[in-house]
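Trainee: how does the following fold in three dimensions:
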Amino acid sequence: MQTIKYQKPERLLIKNANYLDPAEGGPRQVDVLIENGTIVRVEHAIDGVDGAETIDGTGKLLTPGWLDMHVHFREPGREDEETVKSGCAAATAGGFTGACPMPNTEPAADTRGIIEYMLAEAKDTPVDVYPIAAATKGRKGRELSEMADLIEGGAVAFSDDGVAIATAEMARRAMEYASMFDVPIIEHCEEPSMTEGGAMNESAVSTRLGTARHARGGGRHHRGARYFVDGDHRRAAAHRAHFHGALGGAGAPGQAAGPAGYL
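Mentor: The predicted structure is shown next:
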């Protein structure tokens, strides 16, 4: 297996970068001094630093590290496609310092051991990994996973990503239990009976092209995701649970909802 090495200069000076932090507004031009991986100075101009590797940030944006809340590291089970370490390396190259791997691995990330393994693999990388555990055992929608144990192991949310939680009752129970620990349910917002076999959103174009027929015409019915969002939002409100609707197969935008409604 290839070993990925991360270089960390003893001193690194970034000059003339356009610093953009949504919390502060901006951008503003800054110099940044980093020593042994820790930011020690952020000033308009920093001079006279001996032995520092210097990067010219003129015309470039400098931002806090980004977080991708929906990634697929594929480990365990499909290491031929991706591993935790290679996924973290890709994230680092793209400026992402945080990532939330989804649980549709083989086997599903439904045990504490798998969650702890992911965290151990990411430990020596520059990326903070926040594992999302399976909401139901095996992502089969029949029995809730051991949520308390998974949270103790490091899981930050629950999802059966790749498929929706199988039934409304199971989704209700998942939200009820997740609300006890103040962690979100991330739902794959897709109603299979309205999207199975489709290749694109239902429209005059899909009908004219003769795509696979189901629902009320050719293609995937765009309301298949919206029905899910509406139903899960009501369940989340009833249990004061946190709910995020990930992009479903019907092409609906993700929505986040909490006790007070859409956030």
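Trainee: can you give me the end-to-end span of stretch 73-89?
Mentor: 11 Å (Cα to Cα, to the nearest Å).
Trainee: list the buried residues for that stretch?
Mentor: Buried residues in stretch 73-89, counted by 16 or more other Cβ atoms under 10 Å: 73-76, 82-89. Heads up, the C-betas are built off the backbone N, CA and C, glycines and all.
Trainee: state whether Ala236 is indeed within a strand.
Mentor: No: read with DSSP: H, G, I helix; E, B strand; the rest coil, Ala236 is helix and lies in no strand.
Trainee: what about the residue lying closest to Ile165 once chain neighbours are set aside, which SS state?
Mentor: Leaving aside its sequence neighbours, Ile165 sits nearest to Ala171 (Cβ to Cβ, 6 or more residues apart in numbering; 4.3 Å). With three-state DSSP as the basis, the three-state label of Ala171 is helix.
Trainee: what about the buried residues of stretch 73-89, which are in helices?
Mentor: 84-89 (DSSP state H).
Trainee: what is the nearest of the residues you listed to Pro103?
Mentor: Within those, proximity to Pro103 (Cβ to Cβ) peaks at Val84, which comes in at 13.2 Å.
Trainee: contacting residues for that closest one?
Mentor: Val84 makes contact with 73, 75, 101, 118, 121-122, 129 under the criterion Cβ atoms under 8 Å, 6 or more residues apart in numbering.
Trainee: returning to that earlier point: what is the burial count for the residue nearest to Ile165?
Mentor: Neighbour count of Ala171, defined by other Cβ atoms under 10 Å: 25.
Trainee: is it true that it touches Ile185?
Mentor: Yes: contact between Ala171 and Ile185 holds when scored by Cβ atoms under 8 Å: they sit 7.4 Å apart.
Trainee: helices of the stretch 101-250 of the chain, start to end?
Mentor: Ranges of helices in the stretch 101-250 of the chain, per DSSP state H, counting those that start in this stretch, are 112-122, 147-153, 168-180, 192-195, 204-209, 223-238.
Trainee: would you turn those into TSV with distance to Leu67?
Mentor: TSV is the format used below for the helices of the stretch 101-250 of the chain (distance: least, Cβ to Cβ, whole Å):
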stretch	distance to Leu67
helix 112-122	13
helix 147-153	19
helix 168-180	20
helix 192-195	29
helix 204-209	35
helix 223-238	22
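Trainee: tabulate these (a markdown table), appending mean pLDDT and distance to Thr63.
Mentor: Output for these, formatted as a markdown table (pLDDT from 0 to 100; distance: least, Cβ to Cβ, whole Å):
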| stretch | mean pLDDT | distance to Thr63 |
| --- | --- | --- |
| helix 112-122 | 97 | 21 |
| helix 147-153 | 97 | 30 |
| helix 168-180 | 92 | 31 |
| helix 192-195 | 72 | 36 |
| helix 204-209 | 80 | 38 |
| helix 223-238 | 73 | 30 |
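Trainee: looking at those, which is nearest to Arg11?
Mentor: helix 112-122 (26.0 Å).
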